[in-house]
Each structure stands twice: as C-alpha cells, then as structure tokens.
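**Q** sequence and predicted structure are below.
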Amino acid sequence: MPTPRLSLLVLLCLGVAHAATPRDEVLRYVPDDVGFCAVLTGVPAAVERLRESPFAALLAKAAAKGAPGVKEWDELQKVADQLRDTLKVDLKELLGVVPGEAFVFAYRPGPPGKTDQEQALYLLRSRDAKALARLIGTLNVIQGAKVATAAHEGVTYYRRDQEGAPRGYYLLSGPVLLFSTHEEMLKRAIDHERVLKKDAIPVMARRLADLGLEKAEIAVVLNPRAFDAHMTGTAKEARTVAAYWKALAAAGLGLSLGRDAGLSLSLLGDPAKLPPAGRKLLEGVAKSSSLWGSFPEKPLLAVAGRVDLPGLYAALCEFMPEAGRESLEKELARLIGSFAGGKDVIKELLPALGPDWGFCLLAPPAGAKEALPRLLAAVRLASGDETAEAVGGVMQAWAHAALLGLTDPKKNPDNVAHVATRGKGKEAVRYIESKKGLPPSVRPAWSLRAGHVLFGSTPDEVSAFKPGEPPAGGVPLARASASAWRDFVKGNRGALAEAVAAKDGIKKAEAEARLDAVDSFLSLLDAVELTRTDGPSRVTFTLRVRFAAALRKE
C-alpha cells in the first residue's frame, strides 16, 4: 500500500508529464494520418536569448570586420521596420503572434496520381489571443478579404474570400489559429481535437519524443505510412524500395539551439523488417572507425566510418536489375580485376578491404607556405600478404596510368615525371615526382603499410601514418576545426593570396582582403562535427556546430 506522501509524488510527476505545452495545444488538432508535420517551438524566446547571448556580441565584431554573409543580418531590421509601418506592430510583439509560442505546418498527401486532393493545414499558438485576433482583422482589411461565418459540430469557423487568392478557412480558438485552403482538412482538425481526451498526449508529440526531437526548436516529422500507397511497382528495384520503406516507422529532422546548434536526422524503424543485405549493412556501421585514433584531434577536415563492402555491394544489387549488376561487375573486372593477379573483385578483393575507411585534410607543416591542404586517405586491409599483393598491383597500374597522363606531350609538353620510393620493404612509400601537370606541393603517394591501403598528396603523410584505436562513446563520422583553418589561412596567407588572385584574376591586395573576411567568419566558429547515435530501433545523425561564443547566456 503506497504511502500518502508517495502517492502525492506520483500524482505530481504524472501531472508534470502530461501538462499541456503551447506546442501540444496546437498538435491536438493535427490528424494522425498526415504525411509530414513541421513544428516551430519557442521562437520568440529563442530570438531574445540570441540577442542577449555572447555570440551576438561576437557576431557584431565579425560584421565590423566584413565577415562574409554576416552583414545580411542588417536586412532583417529593414524587414522589421516595414512590418511595423504596415501592421502597426513591432517585431517583438509580432513574433509573439506569428510564429508565436508554436507554429505547425501539416501536409496530407492525396491518393496516387491525384495531387488535387492534397491537403495542408497551418496552425499557430500565439502568446496573446487578443493580439492574434487583432492581427487577423488587420490583414483582412488590408487585403480586402470578405469573411463569413460557418459551423461544424457546434464549432464556429470562418470562410475567407480574397480576390486573386484561393478561398481560405480558419478557426480562432483563443490563442490558437488554424488555417487551410481545404474546408475538409479544417473540419478533420476540429474533429480530431474534439474527440481527444483533455489530458491525452497528441500522437505527433509522441512521435517527436520517440525520435528524440521533443526539445528541438524546429522539427520536421515524416509519417511513412501516409505514403505507402505511393510505394508501388512490380520491378525488382521498386519492390526493394518498398521493403526498405515499410521497415521505416518514422523519420525526423530537428534543429536544437543550446550553447551550440545541432541539426539531427533521426530514423525510427524495425531492423528485422529490412532485407537481409540491409540488416547486415546496418549492423556493420554502428561502431566507430579505428582511423579516428590515427587522425589529429583538430583536423581541417576528417571523415571516417565503417562499411562492410560486400554488404554494401549486396544492398546496392537489390536496387539494380540483373542486367545492370552484370554490367557493373564487368566494368569492375576491367578497371580492377585485370590488375589484381586474377582475383575476383567481388568475392576476394571486397571482403579484404575495410570495414574501416576515412580521409583527412591536414595543414602543411609550419613554414611550408603551401596554398593547398594536404590529404591522407586510408582503408583498412583485412587480409594477408596475397591480397596485399593484388591490391598493390592495382595501385601500381593506376600510378602507371597517371604517369602516362602527366607525360602526354599534348597536355604537358617537356614534362618529366617518374615514380620514386621512400623506405624499404613493407615500409616502402611510392610517390610521383612531376615538374609539370601538378601543383608544386603535390606528390601523389601510396603504400601498403601498417595494415592499411594508404594514399596521400605527399609521401610525408603516408610515412607518418600510425594505426589507432576507435574512440569511446558516440560514433564520430566527420569533424572540422575552425581554429585549424584559421591557423592554415594565417600561416599560408601569402601563398593563398597569390593562388586566389591568379584564379580569379584580381590583385593580391584584394585577395588578401577576402582572406581577412574569411578569417573573421571563422572567428565565429570552434568546430563542426557529425556523429551517429544508436538506440532501440532508432539511429540519429547529428551535425553539431560549436561556436566560439555561446548562443545563450550560461
């Protein structure tokens, strides 16, 4: 028997969990069968936080230095002034009405081939019911709209006729506004809210929570079941698309603004419903690549992951007709197999490569004064010496083809190019030396060492490569450091200015001014990273922009 104190605590927790938010007040009207739904939440508060944030002060400094794209923010003030003059309301008050505390756009597709039956619904929840009604009245007068009343199930709504525009229908329910150009859609919304229990959580709010997007300021939710009728076809590839589609329960895209900004793509589904190749491929990519232990913490750009190449090939074949698969395999045999000592590309080479792969852009060494970043690409080699020899044969053949191109008398007359070697045995790194046809700092290099297939823009990066361990925690997929880019621009300013001036046909001083503007923009940022997070029946990809100053007060 629970104690009175424990019972009270449970009741309080339940009350908090089911408390209606402005967003949920609006989502109560959204029918369950809409195809997708876009939700904006707390925009006025977010704007106020941004205005008062450390980032706003940093942004003003960058604008004064001419950072590209920043001065366009001044145009927002001009728009705000026009709205104030036309609607007799300032921007702060207007944001409290539109988009208000919550704004929603819901779309319901029509049957296949009947686009005229598509329906859309616009909803918002204002901070002030009187201000909302006043704004609607002002717009009706300005636009010369004729408004008449109508009713559905005892609920009064309005029919709006404006010359040159389709007929509209809207409902004002206190601080909530519903608008649609389809009367049936408005009635469906009224019915949906009317039968929903007062303390019930709207279906769309539950979908946001299931996708992990309930705290996002901007979110878009896709309901795959609303499009099932459109996923038809008897061809092999059409059936495969339908099978993958049916395994998807929901998808969402959300933008969250905290200290930094994060854009998340979340997929919810049942892996058991995927075709076998799809299930195998999904299992293989859920771990971090060991190459993150080989790349620097602050790269110009690094991308790395894990891909089961045989699984990827099998999954791709499910989307291809038989003739297309056969054509692809013949082309692979021509480009790769003929140089791989007779090994079968699909059955022998693909299983030997990976699953770890990645590439990294690196700044040149201090004092190098190069206009181009350096590149290192790596693929883990999963097999032994025999397969390594086959891969080496392919690399050697490609190098020979590159040499033929560099020494082509029509393209590069009087050019001298050759393959050089650094190191011996399994540590050997081969690279191309060329007087013409390549940028001065580029000497394409390759090697089979440290258990990896390695490519680099110079032999230095390939020689310095060391195997690493995958990081703990989440699964990183891409990373870029703004401070590394600033150091690269600053340390190679002269070479970069000369390259930009030559490319765009401008004076070096103008090119340096452009670089200064880029530096001002980069001063706003700290890093950009893409990560993957897996949960029960859900995978989320998040692109996070870390700013040099917080988007809100700490």
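**A** In hand now; what should we look at? Here the structure is a predicted model, which is why all the values come from computation and not from measurement.
**Q** neighbours of G423, how many?
**A** Other residues within reach of G423, judged by other CB atoms under 10 Å, total 14. Every residue, glycine included, has its C-beta placed from N, CA and C.
**Q** state the distance from the residue nearest to it when sequence neighbours are not counted to F465.
**A** The spatial neighbour of G423 that comes closest, neighbours along the chain excluded (CB to CB, 6 or more residues apart in numbering), is V429 at 5.5 Å. If you measure V429 against F465 using CB to CB, to the nearest Å, the figure is 9 Å.
**Q** now do the shared contacts for those two.
**A** Residues touching both V429 and F465 (CB atoms under 8 Å, 6 or more residues apart in numbering) are 449, 454.
**Q** more crowded one of these two?
**A** Neighbour comparison, V429 and F465: the larger count goes to V429, with 23 against 20 (by other CB under 10 Å).
**Q** surely P22 meets A102?
**A** Yes. The criterion here is CB atoms under 8 Å, and P22 meets it with A102 at 4.6 Å.
**Q** what about these two, which has more around it?
**A** Neighbours were counted for P22 and for A102 using other CB under 10 Å; A102 has more, 23 against 18.
**Q** need the contact list for that one.
**A** 21-23, 25-26, 39-42, 123-125.
**Q** now for those: which two are most distant?
**A** With distance counted by CB to CB, no two of the contacts of A102 lie farther apart than G42 and L123, which are 15.4 Å apart.
**Q** looking at these two, which one has more neighbours?
**A** L123 (25 against 20).
**Q** so what sits opposite the more buried one in the bridge?
**A** L178 (DSSP bridges).
**Q** pLDDT score for it?
**A** Note on L123: pLDDT of 97.
**Q** from what I see, it and G100 are in contact.
**A** No. Taking contact to mean CB under 8 Å, the distance of 9.9 Å between L123 and G100 leaves them out of contact.
**Q** hang on, the earlier thing: contacts only, for the residue nearest to G423.
**A** If a contact means CB under 8 Å, 6+ apart, then V429 has 421-423, 445-447, 449, 454, 459, 462-463 as its contacts.
**Q** below-threshold pLDDT in the stretch 251-400 of the chain: ranges please.
**A** 284, 383-386 (pLDDT under 70).
**Q** which residue ranges of it form strands?
**A** If you assign secondary structure with DSSP state E, counting those that start in this stretch, the strands in the stretch 251-400 of the chain sit at 261-269, 301-306, 353-362, 374-381.
**Q** distance from the chain centre to the longest helix seen in the chain, please.
**A** Counting residues, the longest helix in the chain under DSSP state H turns out to be helix 385-406. In terms of CA atoms, centre = their mean, to the nearest Å, the centre of helix 385-406 is found 35 Å from the chain centre.
**Q** OK, contacts around the spatially most central residue of the chain?
**A** Centroid-nearest residue in the chain: L543, 5.8 Å away (criterion: CA atoms, centre = their mean). By CB under 8 Å, 6+ apart, L543 lies in contact with 262-264, 528-530.
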